[in-house]
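# I would like to see how this sequence folds:
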Amino acid sequence: MSKNWKKIRKQKDKFFGEHPQSPLPPEILETFQGLAYYAPDPKMVFDVEAEEYDEKTSLMIPTTTNDERRFLRWGKVTLDINGQTASLTLFYSPENDYFFLPFLDATNGEETYKAGRYLDPPRGADGRFHIDFNLAYSPYCAYSPYYSCVIPPEENCLEIAIHAGEKLLKTN
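Residues are numbered from 1 along each chain as shown. Purely as a prediction, here's the structure:
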């Protein structure tokens, strides 16, 4: 697990609570005391090789505002999550030069944002990807309709629950 999870969460809470570009609307900011998270779980951290696709097909992924964003299907990661095998497509944004792992799981709509959560897994010097679900985050559209967020494609919809990372923000 990232040794910096406390620091990352503290910085994010500070940004959401104080920064002028916070995605939180004023009525939530008035009582905001931090985002809600699952307790960190070391079993939700993976350093894995991806099965890189020979042909990286382009995909226009729809967003919450009916726009689309272009990504390449870069490869697939297969993980053992609590004894269950989960395969997820790893996407790459050539325009922004980063890897992206949007996903839906059995917690969506009840415990986590209904339209899914995201990870931005770094690729190590050894070519392996660091996938830490404790760092899974909700997109800004979870807090405000003024943001356009990628909807995870069907191939990244898991039937299992990922009890790690960011939860729904509870408001009074």
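
# following the longest helix belonging to the chain, which helix or strand comes up?
Secondary structure of the chain read by DSSP state H shows that its longest helix is helix 5-18. Moving toward the C-terminus from helix 5-18, the next helix or strand (DSSP states H and E) is helix 26-29.

# Determine the set of other helices and strands touching that following helix.
Counting contacts by 3 or more Cβ pairs under 8 Å, 6 or more residues apart in numbering; DSSP states H and E, helix 26-29 packs against no other helix or strand. No exception for glycine: its C-beta is placed from N, CA and C like everyone else's.

# Just the residues contacting it, thanks.
Helix 26-29 has contacts (Cβ atoms under 8 Å, 6 or more residues apart in numbering) with Gly17, Ser22, Tyr143, Leu169, Thr171.

# Pull it out as CSV, backbone CA atoms only.
The C-alpha trace of helix 26-29 is given here as CSV (Å, rounded to 0.1, in the frame of the first residue of the first chain):
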residue,chain,number,x,y,z
PRO,A,26,-21.2,26.1,-1.4
GLU,A,27,-24.0,24.4,0.5
ILE,A,28,-21.8,21.3,1.1
LEU,A,29,-18.7,23.4,1.8
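
# what's the helix or strand for the residue at minimal distance from the centre of the chain?
With distances taken as Cα atoms, centre = their mean, Tyr118 lies nearest the centre of the chain, 1.3 Å away. Element membership for Tyr118, per DSSP H and E: strand 117-119.

# buried sites along the helix or strand that that strand is followed by?
Remark: after strand 117-119, the chain's next helix or strand is strand 129-132, criterion DSSP H and E. Applying a neighbour-count criterion of 16 or more other Cβ atoms under 10 Å, one finds Phe129, Ile131, Asp132 buried in strand 129-132.

# Equivalent analysis for stretch 148-165, please.
For stretch 148-165, burial by neighbour count (16+ other Cβ under 10 Å) applies to 148-153, 156, 158, 161-165.
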